[in-house]
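Participant: the following block contains a protein sequence and its predicted model.
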Amino acid sequence: MIRNKKFKNAINHHKQNVPPIWFMRQAGRYHKHYQKLRKKYKFEELCKIPELATETAMGPIDEFDFDIAILFSDILFPLESLGLDLKYVPGPTFSENIKPKHIKDLRSLEEIDSDLKFQSDAIKLTRKELSNDKSLVGFVGGPWTLLSFAAGIKNELQIINVEQNKFFEKALYNVLIPIIKQSIKSQLDAGADIVYIFDTNAVQLEKKYFIKNYLNKLKKELFLPFKKRVAYFTKNDAINSIADVNKELSLAGYVFNSLNGLSQKLKTNKTGFIQGNFSPVSLKKEHSDFLNDYKIFKDKMLSMTNEDTAGWICSLNHGVLPKTPEKNVKYFIDDIRNSFDR
């Protein structure tokens with residue numbers, strides 16, 4: 001069930017005046033509510049104690065009135081079930097990179113799913129705290145993004161030839177995709193409206209391989225089994241070369257990562273939603289400079305018809321940056337709603 005009416009309209013590609021609004025990393029370091037919690041608890045505690053995950057997720061909902069809450073967790077926790085020692089200091093680090101030994105004697109999906117039960121429990125608790133007009137989305141990491149972290153591939157611009165690495169292919173397609181598939185199911189069963197697959201590092205995949213091999217595998221194993229219950233995010237711009245991304249991949253929607261081209265993509269999109277694409281860098285600017293960038297963005301979107309913006313989720317093209325002024329976040333949300341209520 002899609003609780004938020006505007007979110008439901010976007011998923012169903014129905015035209016509407018005011019778009020739904022939510023930001024990736026909306027419960028994060030820019031927010032005093034989160035900072036206060038971090039003074040008392042470790043990041044892992046906020047993620048793995050369902051009551052704390054709920055409190056963290058609810059902070060931006062209560063203060064800024066986003067239309068959609070997101071499970072507070074991290075994409076990398078499934079890697080712990082492979083025997084990798086994950087620490088946050090403050091960013092994620094591993095004591096060793098993934099090796100064949102980590103997937104040789106793989107535990108059952110049921111055991112791994114049990115390891116991640118704190119996520120399902122957090123979804124259930126967060127759903128109870130949310131009003132009935134707010135939606136709740138879950139999320140998982142994309143298989144390549146999980147593997148790139150586990151393998152210590154930190155250079156975003158490094159292009160990896162997966163076909164020349166049999167271990168990578170086995171880890172991706174025989175191990176990580178089944179784990180991710182089970183996690184999506186568990187989050188949906190727990191009450192998530194839809195689940196996002198955050199696959200930022202798939203930008204490291206050569207574009208032809210990304211389109212022809214990788215995305216086709218994701219479609220078969222992750223998108224089609226949960227048709228229109230999964231959304232996708234990647235920095236790999238090759239995805240925008242697909243004529244109708246949502247229709248061809250059976251997605252509920254996807255995040256438009258580029259800063260240019262959203263209006264044209266919305267006009268050609270016929271199914272599902274497209275989310276984006278105000279700049280997180282602009283949102284972080286001093287208020288008067290933010291307002292200059294915001295006006296350009298808003299005026300461009302206001303120049304489009306409701307038919308053209310059907311399926312639009314008003315958001316950023318990536319996540320909220322640390323030290324972003326809360327004043328800018330509040331202004332953005334309030335002014336979008338006021339300006340588009342026409």
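Facilitator: Arrived safely, thanks for sending.
Participant: shouldn't Tyr173 be within a helix?
Facilitator: Yes: applying DSSP: H, G, I helix; E, B strand; the rest coil, one finds Tyr173 inside a helix.
Participant: for it, which residues are in contact?
Facilitator: 143, 217, 221 (Cβ atoms under 8 Å, 6 or more residues apart in numbering). C-beta coordinates here come from the backbone N, C-alpha and C atoms, glycine included.
Participant: how about the nearest residue to Val18, chain neighbours excluded?
Facilitator: Phe340 (4.6 Å; Cβ to Cβ, 6 or more residues apart in numbering).
Participant: I'd say that neighbour and Asn17 touch.
Facilitator: Yes: in this structure, Phe340 is within contact of Asn17 by Cβ atoms under 8 Å, at 5.4 Å.
Participant: who has more neighbours, those two?
Facilitator: Phe340 (18 against 12; other Cβ atoms under 10 Å).
Participant: and the more buried one, how close does it get to Glu55?
Facilitator: 31 Å (Cβ to Cβ, to the nearest Å).
Participant: again, but for Pro178
Facilitator: For Pro178 relative to Glu55 (Cβ to Cβ), the value is 32 Å.
Participant: okay, those two: which has more neighbours?
Facilitator: Neighbours per residue, other Cβ under 10 Å: of Pro178 and Glu55, the larger number sits with Glu55, 21 against 16.
Participant: can you pull the contacts of the more buried one?
Facilitator: Leu37.
Participant: go again using 10 Å as the cut-off
Facilitator: 27, 33-34, 37, 41, 46, 49, 62, 72, 125-126, 129 (Cβ atoms under 10 Å, 6 or more residues apart in numbering).
Participant: retrieve the pLDDT associated with Lys104.
Facilitator: pLDDT, Lys104: 86.
Participant: list the contacts of it.
Facilitator: Gly83.
Participant: also the one 4 residues further on?
Facilitator: Contacts for Ser108 (Cβ under 10 Å, 6+ apart) come out as Ser114.
Participant: one step back: the residue nearest to Val18 contacts Leu302, correct?
Facilitator: Yes: in this structure, Phe340 is within contact of Leu302 by Cβ atoms under 10 Å, at 7.1 Å.
Participant: what touches both of these two?
Facilitator: Residues touching both Phe340 and Leu302 (Cβ under 10 Å, 6+ apart) are Thr309.
Participant: in the stretch 101-250 of the chain, which spans are helices?
Facilitator: 101-104, 109-115, 117-129, 143-150, 166-170, 177-190, 207-209, 215-218, 245-249 (DSSP state H, counting those that start in this stretch).
Participant: pull the distance from the third one to the chain's centre.
Facilitator: With Cα atoms, centre = their mean, to the nearest Å as the basis, the distance from the averaged C-alpha position of helix 117-129 to the chain average is 17 Å.
Participant: tell me which other helices or strands it touches.
Facilitator: Secondary-structure packing of helix 117-129 (3 or more Cβ pairs under 10 Å, 6 or more residues apart in numbering; DSSP states H and E): helix 43-48, helix 50-64, strand 68-70, strand 135-141, helix 177-190.
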